[in-house]
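1. Using only what follows, build the 3D model:
(chains A and B)
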Amino acid sequence: MAKIILENIAHTYEPNASNPIFALKEMSLSWADGGRYALLGPSGCGKTTMLNIMSGLVNPSHGKVFFDEREVTSMITEERNIAQVFQFPVIYGTMTVFENLAFPLKCRQFPEDQIERKVKEVAEILNLQDYLNNRAKGLTADQKQLISLGRGLVREDVAAILMDEPLTVIDPDLKFRLRRKLKEINDKYKTTLIYVTHDQNEAMTFADNIIVMDQGEVVQAGSPKDLFERPQTTFVGYFIGSPAMNLYECSASSKNEISIGSNSFKVQANINNYNSENLKLGIRSEYITVENEHTDNSLEADVIEVEDFGNYKLVTASFDSFRIKAKVKRELDIPSEKVILKLPAEHCCIYEDNKLI
Amino acid sequence: MNFKHKYVFLLPGLIVLIGILIFPIIFTVRLSLSGWNSFNPGLDFIGLKNYIRLFTDDPRFWQSFFRLSFLAITTVFLQYIIGFALAHMVWKDIKFKRFFRVLFLIPMMTTPVIMTVIWRTFFHESLGPLNDFLSIFGVQPPWLSSPGLAKVSIIVVEVWQWTSFMFLLMLAGLLSLPKEPFLAAAVDGASPFKKFIYVTFPLMAPISIGAIIIRLIEASKIMDTVFVLTSGGPGTSTETSSFFIFIKGLREFQMGYAATASFTYLIIMIISLTIIVKVLTKVLMRE
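-> Down below sits the predicted model:
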């Protein structure tokens, strides 16, 4: 296991072009030993490129990769001692489950007794012990993916296990169990796990640290709570959370007050440049409350739709020319025409040029 | 829709199918039960006499069949090994990859009969360039007049002519393989040899089976190479089933007997190819 450091890393797939497009723009990042990370972002944002740079499957156009103090930038995958699980299960179809799990150790010429002990141990963790003598080809997609994962786990000394959307082919119930298993593995072995996904729920429930990427850049790194409560950019606010964050163009009337259309709201942010024309207010639908009468920071809106999701209601309403969504308790009675909604100042995020003030 | 209309629409296709496939087979079966020859041309009925003659009194047919089996299996095996190796070579990023890809396809673009004439000249014992070169070392092998070497010559020509086809199929297969298994093998620390054995070869098994079967079907009809290169000689040492049938039917005009040999050969080929497909699936795909 090792601390992974990416120093001024950037990558383009067209190095000879006069004006190359960078799949990964220059950045520096470090991954703590034993951490549980998720790389989150829409398709094509550079997540897989970053993963492949760490595993050595892609050589970065710029920058250096370090495992602890050792520079590994020019090392091939085999020498980096990394494990990687791909989106689709990769198994050696001609081998048994045991042989599959033993393969990375055999390639590294481990003694037979050690191979057998380690394979049995990993098979037990992954509930594959009853299938060890079965041909891997005949197993289900999720069992095959467990084998892929197991080949990473049999090696005790791996710097990290990199997973590229590994649960795509798995059905939802099993996804939940596998994520829990991955967490258990991380707790038990303290292996650094880096999990690439475009599914925010997967990232939020799996990782301690989430790195959100967009268009080849890291837009925010932090805990699920940070990402949810204080999104650093409007992209993160929009990308994380369901429904997405309510975002409105606004103007500042003072350091702590903004206006959206005919409504004014107090905020806790200090808007120094309040003449800026590029201000936005963002608020999560979870923090909007329904009030019986006007209070501070409230507005009156026309109810468009109330959807009952079982454990909560989603109120969609409009004020001026804007739409607003509020997640409220299921038992709450929502008026059919007009509703008073409160936007608590402590949960209002103000963005200038799409960046949090 | 009226049920009968379906058959009306099927009719053109069915007529063509009956005309080009079913009628010739049925006619061959009927012909095989007749004694049609140059003295007695006509569809008389002699029962199973031709079949009894073929199975009890004609070792030449069976010899030609086993010779054909040997030639077909040997040539296809060599074509597979060489074709796969060449495809594997130009699949990787090597210098002049495109040039080699075209170069290896050239034999397939040539006309087999013409190329065989050139090969016959090449193997010619007194005038051919091969023996001219070998005479430097004091040897002048009788390439086309020794039974063993004549077979070798046929194998060389067939392998040269058809390895391109195998190369093309194998290269198409290699180019269509997913890249993840190779990346996973690299992560697992597999050597290039292990990658080939555990990743490339198993992934290529279905394509290999298809390619081998296509070539075996083609190779079991070896005729033009034998005809031009050795004419079945010396003696009957390079005579194959199709050449035997050609001799019986179109040289000796024993049409009834040639039809018997043809039909028997067809049945044997259907059975053997079915068995070969099963065996190959079991061996290559380990099912």
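
2. Report the secondary structure state of A:Asn16.
-> coil (DSSP: H, G, I helix; E, B strand; the rest coil).

3. show me the contacts for it.
-> By C-beta atoms under 8 Å, 6 or more residues apart in numbering or on different chains, the contact set of A:Asn16 is empty. Glycine gets a C-beta too; all of them are placed from N, C-alpha and C.

4. what about it, distance to A:Asp226?
-> From A:Asn16 across to A:Asp226, the span is 40 Å (C-beta to C-beta, to the nearest Å).

5. just B:Gln140 next, same as before
-> Distance from B:Gln140 to A:Asp226, by C-beta to C-beta: 87 Å.

6. How about the residues of chain B by chain A?
-> B:178, B:180-181, B:183-184, B:186-191, B:194, B:198-199, B:202, B:286 (C-beta under 8 Å from any C-beta of the partner chain).

7. Tell me how far the lengthiest helix in chain A lies from the chain's centre.
-> What stands out as the longest helix in chain A, according to DSSP state H, is helix A:172-189. Helix A:172-189 sits 16 Å away from the centroid of its parent chain (C-alpha atoms, centre = their mean, to the nearest Å).

8. so where's chain A uncertain?
-> A:1, A:274-275 (pLDDT under 70).

9. for chain B, what are the nearby residues on the stretch 51-200 of chain A?
-> Residues of the stretch 51-200 of chain A found near chain B (C-beta under 8 Å from any C-beta) are A:55, A:57, A:76-78, A:82-84, A:86-88, A:90, A:92-95, A:103-104, A:107-108, A:135, A:148, A:151-152.

10. Show the buried residues in the residues you listed.
-> A:55, A:57, A:77-78, A:82-84, A:86-88, A:90, A:92-95, A:103-104, A:107, A:135, A:148, A:151-152 (16 or more other C-beta atoms under 10 Å in any protein chain shown).

11. Keep only those of those that are in strands.
-> A:83-84 (DSSP state E).

12. Which helix or which strand is home to the closest residue to chain B within the stretch 201-350 of chain A?
-> Taking C-beta to the nearest C-beta as the measure, the stretch 201-350 of chain A has A:Glu202 as its residue closest to chain B, at 19.9 Å. Under the criterion of DSSP states H and E, A:Glu202 resides in helix A:200-206.

13. What are the contacting residues of that helix?
-> Contacts of helix A:200-206 (C-beta under 8 Å, 6+ apart): A:36, A:38, A:40, A:167, A:175, A:179, A:182-183, A:195, A:197, A:210, A:224, A:227-228, A:239-242.

14. rerun that using 6 Å as the cut-off
-> The contact list for helix A:200-206 (C-beta atoms under 6 Å, 6 or more residues apart in numbering or on different chains) reads A:38, A:40, A:179, A:195, A:197, A:210, A:224, A:240.

15. other SSEs contacting the top helix by length along chain B?
-> In chain B, taking DSSP H as the definition, the longest helix is helix B:59-91. Helix B:59-91 sits against helix B:97-103, helix B:147-175, helix B:201-219, helix B:241-246, with contacts defined as 3 or more C-beta pairs under 6 Å, 6 or more residues apart in numbering or on different chains; DSSP states H and E.

16. so it versus helix B:201-219, what angle?
-> Helix B:59-91 and helix B:201-219 meet at an angle of 140 degrees, taking axes from the mean of the first three to the mean of the last three C-alpha atoms, to 10 degrees as the criterion.

17. in the stretch 101-250 of chain B, what spans have low per-residue confidence?
-> In the stretch 101-250 of chain B, no residues with pLDDT under 70.

18. Looking at the contacts of helix A:200-206, which is nearest A:Asn263?
-> Closest approach between the contacts of helix A:200-206 and A:Asn263, by C-beta to C-beta: A:Ile240, at 25.5 Å.

19. Next, count neighbours for A:Leu51.
-> Neighbours of A:Leu51 under the rule other C-beta atoms under 10 Å in any protein chain shown: 23.

20. Test my guess that it contacts A:Tyr195.
-> No: here A:Leu51 lies out of contact with A:Tyr195, judged by C-beta atoms under 6 Å, at a distance of 9.5 Å.

21. How far does stretch B:28-45 stretch from one end to the other?
-> Terminal residues of stretch B:28-45 are spaced 13 Å apart (C-alpha to C-alpha, to the nearest Å).

22. Over to stretch B:25-40?
-> Stretch B:25-40 has an end-to-end distance of 22 Å (criterion: C-alpha to C-alpha).

23. Mind listing what's buried along that stretch?
-> B:28, B:31-37.

24. and what of stretch B:249-261?
-> Buried residues in stretch B:249-261, counted by 16+ other C-beta under 10 Å: B:249, B:254-261.

25. Repeat that for stretch B:4-20.
-> Of the residues in stretch B:4-20, none is buried (16+ other C-beta under 10 Å).

26. Now do that stretch: distance to the chain's middle.
-> 32 Å.

27. What separation do you get for the spatially most central residue of chain B and B:Ile268?
-> Central residue of chain B (C-alpha atoms, centre = their mean): B:Ala219, 0.7 Å from the mean position. Per C-beta to C-beta, B:Ala219 is found 15 Å from B:Ile268.

28. So for the residue lying closest to B:Thr240 once chain neighbours are set aside, what pLDDT did the model give?
-> Nearest non-adjacent residue to B:Thr240, counting by C-beta to C-beta, 6 or more residues apart in numbering or on different chains: B:Leu68, 4.1 Å away. We note a pLDDT of 94 for B:Leu68 in this prediction.

29. got it, and the one 4 residues further on?
-> Each residue has a pLDDT score; the one for B:Ala72 is 95.

30. ok, it - how many residues close by?
-> A count of nearby residues for B:Ala72, using other C-beta under 10 Å, gives 23.

31. Make sure it is actually in contact with B:Lys221.
-> No: assessed by C-beta under 6 Å, B:Ala72 is found out of contact with B:Lys221, at 9.0 Å.

32. thought A:Glu14 was touching A:Phe22?
-> No: taking C-beta under 6 Å as the definition, A:Glu14 is not a contact partner of A:Phe22, at 9.4 Å.

33. Between those two, which has more neighbouring residues?
-> Taking other C-beta under 10 Å, A:Glu14 and A:Phe22 do not tie; A:Phe22 has more neighbours (18 against 12).

34. what's the distance between B:Lys248 and chain A?
-> From B:Lys248 across to chain A, the span is 47 Å (C-beta to the nearest C-beta, to the nearest Å).

35. Show me how far the helix or strand that the helix holding A:Glu202 is followed by is from its chain's centre.
-> Downstream of helix A:200-206, the first helix or strand assigned by DSSP H and E is strand A:209-214. Taking C-alpha atoms, centre = their mean, the mean C-alpha location of strand A:209-214 is offset from the chain mean by 6 Å.

36. Nearest residue to the middle of chain A?
-> The residue lying closest to the centre of chain A (C-alpha atoms, centre = their mean) is A:Leu40, at 3.2 Å.

37. All set, thanks.
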